[in-house]
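Asker: take a look and give me a structure for this.
(one chain, ligands or ions: 1)
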Amino acid sequence: MRIDVFTLFPALVDGFCSESLLGKARGTGLVDLRLHDPRDQATDVHRTVDDSPFGGGAGMLMRPEPIFASVETADPPRPLFLLGPGGQRFDQHLARELAATDGFSLLCGRYEGVDHRVRQHLVDDELSVGDVVLNGGEVAACLVIEAVTRLLPGAMGNAASPVDESFGANGLLEEPHFTRPAAFRGWEVPAVLRSGDHARIDRWRKAQALHRTITSRPDLIEARGGISDDDRALLEEFPPVPYP
Ligand SMILES: C[S@@+](CC[C@H](N)C(=O)[O-])C[C@H]1O[C@@H](n2cnc3c(N)ncnc32)[C@H](O)[C@@H]1O
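Answerer: Okay, the predicted model is just below:
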């Protein structure tokens, strides 16, 4: 998969994407990440990429010329997404869609954002990573890249991981997990997980995933069509483990 990122701070994205599984995926050629700095396309002696907004107001905007030149020189894979708080919300569904493609591209804004003609005439869509405002699109780009590339076949050690996790095949949040020691500061791991009865453990896990999703994300329950009779039986069989 080829991913092109347009950013005034390529080292930020490169650093993050060089570590851990993502770094490995780049090393093996599974992910071809290409970074482009629009500043390289600035034509004046100061390599200017920003200017004040027409009509006045606080802050600076990224000028269109270096961005257009950078994108047109790189000829990046499409769709090209501008990152911005006003965009379509990035989620696991979109991560799965992008993971099934050969590539896509991301444009990171800085300052107060980019000249609107970039949005109108250069990018294909705009992506937001949540109702928060960041200083720039680089953290958002890293989030998108990691969420997508971990879904590529061969990117993760355990092939079942992207299925058996939150927002996975069953549309639920994941159940709580425990590891050794079985008792820590007097807090015990639920006995069922140590029982060796794998059918019962599976039912417990599904019940806990349901409990957690009902409490924390009722919208996800609605999206999967509510609670079935089987779900109800599981919820009755296993009470929820407490969340503080
Ligand atoms: C300081 S922000 C600009 C915010 C903009 N003036 C506004 O009020 O909507 C600078 C850049 O950070 C990035 N950014 C900030 N918040 C983001 C978010 N929630 N999702 C994606 N990108 C974001 C965008 O690329 C944006 O152009």
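Asker: so Asp125 is in contact with Pro79, correct?
Answerer: Yes - if you go by CB atoms under 8 Å, Asp125 and Pro79 touch, sitting 6.0 Å apart. Quick note: C-beta positions are derived from backbone N, CA and C, even for glycine.
Asker: walk me through the domains of the chain.
Answerer: 2-149, 163-244 (automatic domain parsing).
Asker: how long is the first one end to end?
Answerer: Think domain 2-149. The first and final residues of domain 2-149 sit 10 Å from each other (CA to CA, to the nearest Å).
Asker: what about that domain, near the ligand?
Answerer: Yes - judged by CB under 6 Å from any ligand atom, domain 2-149 comes into contact with the ligand at 83-86, 108-110, 112-113, 128-130, 132-137, 140.
Asker: in helices, which of the residues you listed appear?
Answerer: Ala140 (DSSP state H).
Asker: quick one, which of the residues of domain 2-149 next to the ligand are buried?
Answerer: 83-85, 108-110, 113, 128-129, 134, 136-137, 140 (16 or more other CB atoms under 10 Å).
Asker: which among the residues you listed gets closest to the ligand?
Answerer: Gly109 (2.1 Å; CB to the nearest ligand atom).
Asker: which parts of the longest helix belonging to the chain are buried?
Answerer: With secondary structure taken from DSSP H, the chain has its longest helix at helix 198-216. Of the residues in helix 198-216, Arg203, Trp204, Arg205, Lys206, Ala207, Gln208, Ala209, Leu210, His211, Arg212, Thr213, Ile214 count as buried by neighbour count, 16+ other CB under 10 Å.
Asker: what does stretch 77-94 give?
Answerer: Pro77, Leu80, Phe81, Leu82, Leu83, Gly84, Pro85, Gly87, Phe90, Leu94.
Asker: please name the residues that touch the fourth one.
Answerer: Pointing back at Leu82 there. For Leu82, the contact set (CB atoms under 8 Å, 6 or more residues apart in numbering) comprises Leu107, Gly109, Val114, Val118, Arg119, Val123, Asp125, Glu126, Leu127, Gly137.
Asker: what helix or strand is the fourth one on?
Answerer: I take that to be Val118. helix 116-121 (DSSP states H and E).
Asker: buried ones in that helix?
Answerer: For helix 116-121, by 16+ other CB under 10 Å, it's Val118, Arg119.
Asker: name the helices or strands packed onto that helix?
Answerer: Applying 3 or more CB pairs under 8 Å, 6 or more residues apart in numbering; DSSP states H and E, we find helix 116-121 packed against helix 64-74, strand 80-89.
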